[in-house]
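Asker: Give me a model of this one.
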Amino acid sequence: ALESAGGTVIHTRCTETLETRTILSLFDIPLWYQSHSPRAVIQPEVHPGNCWPFKGSQGFVVIELAVWIRPTAFTLEHIPRSISLHESIRSAPQDFSVYGLDDENQAEGVLLGQYTYNVEGDSIQMFEVQNKDDVAYKVIELRVNSNWGHPEYTCLYRFRVHGEPAM
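Answerer: Here you go, the predicted model:
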């Protein structure tokens, strides 16, 4: 699902990006904020702060893949606790679901699996597709259902889709 391989973030449903820092202000009135777009989720660089921060603990990202694939696994990546500020990764996703969609406007796709990102585990974690239906998809939706306790936002660093190209 990497952007460099042809993947595209096409929707975030109603998820709001967190404006992270004021860059320009006039008379203490913020005029421009720095924030990272949802595209960060399909970019190759992973370093502290280079994530898509969204408000709250629940969010959506819909990704159009470069080609139709039969998904076999998903990878979710967050920075390691050892390099995070205050050694806390409470903003990491906890419970999440992945859906295969026929198109970006489909309200409810096919559930491919429900997973938990383990903050005590490796920073890069792979999850096998649970509901294997041997169907190819070009659109995948990631739903973050909770984070590890941050009250204001969740940081989504990297999400990858693995699978077999459909012929």
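Asker: Can you give me the first-to-last residue distance of stretch 112-129?
Answerer: 6 Å (Cα to Cα, to the nearest Å).
Asker: mind starting the numbering at 23 from now?
Answerer: Fine by me, first position is 23 from now on; the one you just mentioned is stretch 134-151.
Asker: Run through who's touching that stretch.
Answerer: Outside stretch 134-151, the residues that touch it by Cβ atoms under 8 Å, 6 or more residues apart in numbering are 93-103, 111, 114-122, 152-153, 162, 170, 180, 184. Bear in mind the C-beta positions are built from the backbone N, C-alpha and C, glycine included.
Asker: per-residue confidence averaged over that stretch?
Answerer: The average of the pLDDT scores along stretch 134-151 is 96.
Asker: buried residues in it?
Answerer: The neighbour-count check on stretch 134-151 (16 or more other Cβ atoms under 10 Å) flags 134, 135, 137, 139, 141, 145, 147, 149, 151 as buried.
Asker: again with stretch 76-88
Answerer: Neighbour-count burial for stretch 76-88, counted by 16+ other Cβ under 10 Å, picks out 76, 78, 79, 80, 81, 82, 83, 84, 85, 86, 87.
Asker: can you put these in a markdown table and add distance to residue 128?
Answerer: Listed next are those as a markdown table, based on distance: Cβ to Cβ, whole Å:
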| residue | distance to residue 128 |
| --- | --- |
| 76 | 21 |
| 78 | 23 |
| 79 | 24 |
| 80 | 19 |
| 81 | 18 |
| 82 | 13 |
| 83 | 15 |
| 84 | 9 |
| 85 | 14 |
| 86 | 12 |
| 87 | 15 |
